[in-house]
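K.L.:
The following comprises the amino acid sequence and a computationally predicted model.
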Amino acid sequence: MRVRLEQIRKTFGSVVANAGVDLELRPGEVVALLGENAAGKSTLMKCLYGYVRPDSGAFYVDDQRVEIASPRVARGLGIGMVFQETSSIGALSVRENLALGAPRAPFWSRTRSRVVEQSLEQLRTLAPELDPRSAARDLSSGERQLLELAKVLGREPRLLILDEPTSLLTRPEAERLWAHVRTMATAGHSVVMITHKLEDVAQAADRVVVMRAGQVVHESREVCDRAALLQAMLGESAAAVRTESQPKSSPRTAAARSCARGVSAAAGTARIEDVCFELRAGEVLGIAGVTGNGQELLARVLAGVVRPRSGQLRLDDTELSLDDPQVRSAIAYVPDQPRQQGCAQDLSVLVNLAALQVPQWPVLSRRRFGRDQAAELLERFDVRPRDLDRPAGTLSGGNLQKLVVARELSRSPRLIVVCFPTLGLDVRAARHILDELLAQAHAGAALVWISEELDPLLEHADQIAVMYRGRLRGPIAAASATRAQIGAWMTGVSEAALGASA
Amino acid sequence: MRVQLTASGLGVRAVAAPPKQRRTFPRLRSRALNTSATTAIIFAAFSSAFFWAIGQSPIRLFAALYDGVLGSGFAFSETLVKAAPILLCSLATALPARVGLISVGGEGQLAIGAIGGTALVLSAGDRLGWLTLPAMLLSAALAGAAYGAVPGLLRAQLRVNETISTLLLNYIAAPCVDYLVYGRWKDPDSLGWPSTIAFPDAARLPTYFDTRIHLGLFLGLFAVLAAWFFATRTRSGLILDLLRSSPELMQRAGVSWARRTVVLLALGGACAGIAGIAEASVIEGRLQSGVGAGAGYSGFLVAFLARGRLLAILPCAWIVASLAAAGDNLQLSAGLPSSIVYVLQGFLFAAALIAQHRSAEAAA
């Protein structure tokens, strides 16, 4: 089945996910769709699967223009997609889950059981040790992902789309998956693999398409050229682009403002291990990495919200602990989910701005206290609307983010920990927040900045580190950092392997 | 506003109200009034259907309600007498709800408070003179507070769900009363009736206006008003709101959620404990099995109906007490069993749930 995507464009609000993408998928070919997070890979494929409607553009199947209005239409055309999130029901057996995934059919028809048998057959080759009678909740996360794949394979799709198929798989499972994908291609089916792992590309793909910022930036059949792929994935120049735009005015003292030595912590499923860094006053530490590698936990530990299991955290010459009021008022923290973690949604904007100072208020003055100061903050950070009495939860995402940043920066902190501070902001607001953060750094605060976007980190940070599976790689001086090395850290490729193939 | 039987508290507003919109057709201004009216209508429908089903005229219910509440001065005062423990016990739920906890422990704390107060009366006898009364109240409050602090500590230290633990502790408290009144505290002259000896006059709460209205009612009124002032007018009340809404933010301000959890549950327990000793001291004159007659659960119902608005506890307690009074009336006039009170309370609870759900849907 030959599928052609023409000028697919999709925007979410002001965010452009796909900016007019052209792509051709040929029968018997495995295409790897490579790119950083939020490069638009998944959105593009969700458009093709009818899960997301594109704003404009057209799809052609065997040179016939088709309208893909829903996943059902896509499945009718022979397109199948396996999502990253699994949808199996824990209490049901593997077999029952497969039956749920089978298409609707009247009870006398054999279609369902045929599809289920087919799925089971496929599952047997993908995961030979898996007992179809076992309950889905007892499966490993990798097996559950393979179960999703088997559901789709049961319908015998002619075009199979896999979203990050190997992210949860063990090595042998991944190898079986690659082999399976190759077999499908030999049988004349097409496969699209969305991934950010170079290994997937090298092992299974015929052709690689690299997307960045909603556009296809690179297309080649050289699936093993790691260096070229990394370069295409992360940006044009593999050299460090660092602009010393503003001279650092604050005197750098030799003593560390904030430092971590061998810090380990665990909360829920997240864990961080043996994190070390040293940050002087006025310095910016940029932490890159793909979401879900422990960044959020690291931020919470650095902000003092979660106590580390072992290791040492210091702020100037005291131990970093929220029990110490001096330390408490010296830390600014913008969590990754400001709506859930950073504000009291049902309380007013005024109370939210003052929240951290409320314990110091006089006992009986809760109505008028701090109003002028709060109004000034709204003005300075351009929080709209400028209404102090509105519940904070009614603000839009971007304005809520500004509100949280405004509160955190209003206390002239010594240590600032920010997670994705410009997420959901338009360009102007993002610029403004960045300027405020950097101004605080110039005034002598140490800034730990966790982000998924590499460019601003490279531009503004003094040190760069990468979180990968709970461990901090680096930090290294940003001036000597290369995109290739950071990319290798982010994707878990060891430097040796990178050197060997480059 | 949204119905909350969730961790965010008993109907304490946890979801921001949408900005006000101009309506083409005028509706009832206040959503609270609207919800109350809906609750009343649904309750009337449910209970009428029930009465019809058991072969009674629904008119009888409303006649009994009227007679039992406003029929005479005596009826009115008796409703207030019933309202006193309910008022106090509603705080056992409403106070922890300020930080988003759901406590059902009023019933058990009431019983333990009654034990605590009785223990003092029995051991001190007449020796304390006029000090007996305040000492008895204090002892009851401390016992209730201690019993309330248990689920607080379990929650704060071990993350045991406070709704479950308070509920289960109720089932421990009631047999404790039984153990004492059937056993070592049993009055030898009571001819087998399981109760302690009658309290001495010094241990009787004062009554007023030639009715059975007693000090407990005024303590309850005072406690509710004080709680309201504390929650809405002081810094600490604001801190509790912040804790309920965003514990992590308050952790960063150095505010301990654990400590306030224990303190609020203990304060609620103290209120319920006072309700318990008031019932034993004035209404029954002695500690006996089944002290309080369900006032703890009625208090939960009141806190639920008031939905985090502390002042609304006052009318709600009066309404729930009216139902109890009507139930007594129906026992006499229609020959219905005493459990009719619980049936009516259940209908009221269900009606409030439905009305609040409707109101939440309308808001969304």
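P.N.:
It's in. Numbers count the residues shown, from 1 in each chain, chains lettered A, B, ... in the order given.

K.L.:
from what I can see residue A:363 touches residue B:235, true?
P.N.:
Yes: here residue A:363 reaches residue B:235: they are 5.2 Å apart, a contact under Cβ atoms under 8 Å. The way it works is simple: take the backbone N, C-alpha and C, and place the C-beta from them, glycine included.

K.L.:
More neighbours: those two, which one.
P.N.:
residue B:235 (18 against 9; other Cβ atoms under 10 Å in any protein chain shown).

K.L.:
Who's the closest spatial neighbour of residue 187, skipping the chain neighbours?
P.N.:
In the absence of a named chain, chain A is used. Nearest residue to residue A:187, sequence neighbours excluded (Cβ to Cβ, 6 or more residues apart in numbering or on different chains): residue A:28, at 8.0 Å.

K.L.:
Hmm, no, I was thinking of chain B.
P.N.:
Here the residue nearest residue B:187, using Cβ to Cβ, 6+ apart, is residue B:197, at 4.4 Å.

K.L.:
Give me the contact list for the helix or strand containing residue A:199.
P.N.:
Assigned by DSSP states H and E, residue A:199 belongs to helix A:198-204. Helix A:198-204 has contacts (Cβ atoms under 8 Å, 6 or more residues apart in numbering or on different chains) with A:30, A:32, A:34, A:165-166, A:174-175, A:177-178, A:181-182, A:191, A:193, A:195, A:208, A:223-224, A:226, A:229-230, A:491, A:493.

K.L.:
Try it again at 7 Å.
P.N.:
Applying Cβ atoms under 7 Å, 6 or more residues apart in numbering or on different chains, the external contacts of helix A:198-204 come out as A:30, A:32, A:34, A:166, A:178, A:181-182, A:193, A:195, A:208, A:223-224, A:226, A:229, A:491, A:493.

K.L.:
among those residues, which are in strands?
P.N.:
Among the contacts of helix A:198-204, the residues falling in strands (DSSP state E) are A:30, A:32, A:34, A:193, A:195, A:208.

K.L.:
for those, which one is nearest chain B?
P.N.:
Nearest to chain B among the ones in strands among the contacts of helix A:198-204, counting by Cβ to the nearest Cβ, is residue A:195 at 34.7 Å.

K.L.:
on that earlier part again, now do the helix holding residue A:199: distance to the chain's middle.
P.N.:
Taking Cα atoms, centre = their mean, to the nearest Å, one finds the center of helix A:198-204 at 21 Å from the center of the full chain.

K.L.:
where does chain A dip in pLDDT?
P.N.:
A:14, A:36-38, A:107, A:168, A:235-255, A:291, A:365-369, A:423-428, A:493-502 (pLDDT under 70).

K.L.:
Show me what from it comes close to chain B.
P.N.:
Contact residues, chain A versus chain B (Cβ under 7 Å from any Cβ of the partner chain): A:305, A:322, A:325, A:328, A:333, A:341-347, A:351, A:355-356, A:358-359, A:361-364, A:366, A:391, A:393-394.

K.L.:
how about the helices of the stretch 251-364 of chain B, start to end?
P.N.:
Using DSSP state H, counting those that start in this stretch, the helices of the stretch 251-364 of chain B run over residues B:257-278, B:295-306, B:313-333, B:340-363.

K.L.:
Identify all contacting residues around the second one.
P.N.:
Outside helix B:295-306, the residues that touch it by Cβ under 7 Å, 6+ apart are B:10-11, B:85-86, B:89-90, B:92-94, B:97, B:104, B:106-107, B:110, B:272, B:275, B:279, B:312-313, B:316-317, B:320, B:345, B:348-349, B:352.

K.L.:
For PyMOL, what selects the buried ones among these?
P.N.:
The buried subset of those, as determined by 16 or more other Cβ atoms under 10 Å in any protein chain shown, is captured in PyMOL by this line:
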select buried, chain B and resi 10+11+85+86+89+90+92+93+94+97+104+106+107+110+272+275+279+312+313+316+317+320+345+348+349+352
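
K.L.:
What about chain A: which of the contacts of helix B:295-306 touch it?
P.N.:
Counting by Cβ under 7 Å from any Cβ, no member of these reaches chain A.

K.L.:
what's the closest non-adjacent residue to residue 354?
P.N.:
Chain wasn't specified; assuming chain A. Residue A:354's closest residue in space is residue A:370 (Cβ to Cβ, 6+ apart), at 4.7 Å.

K.L.:
oops, chain B please
P.N.:
Nearest one to residue B:354, counting by Cβ to Cβ, 6+ apart, is residue B:42 at 5.5 Å.

K.L.:
what about residue 128, neighbour count?
P.N.:
Because you didn't say which chain, this covers chain A. 9.

K.L.:
think we crossed wires, I meant chain B
P.N.:
With other Cβ under 10 Å as criterion, residue B:128 counts 16.

K.L.:
what's near enough to touch it?
P.N.:
Residue B:128 neighbours (Cβ under 7 Å, 6+ apart): residue B:135.

K.L.:
Next, it: phi, psi?
P.N.:
Residue B:128 adopts backbone torsions of phi -80, psi -10, taken as degrees, to the nearest 10.

K.L.:
measure it to chain A for me?
P.N.:
Going from residue B:128 to chain A by Cβ to the nearest Cβ, to the nearest Å gives 35 Å.

K.L.:
I figured residue A:154 was touching residue A:119, is that so?
P.N.:
Yes: with contact defined as Cβ atoms under 7 Å, residue A:154 counts as touching residue A:119 (3.2 Å).
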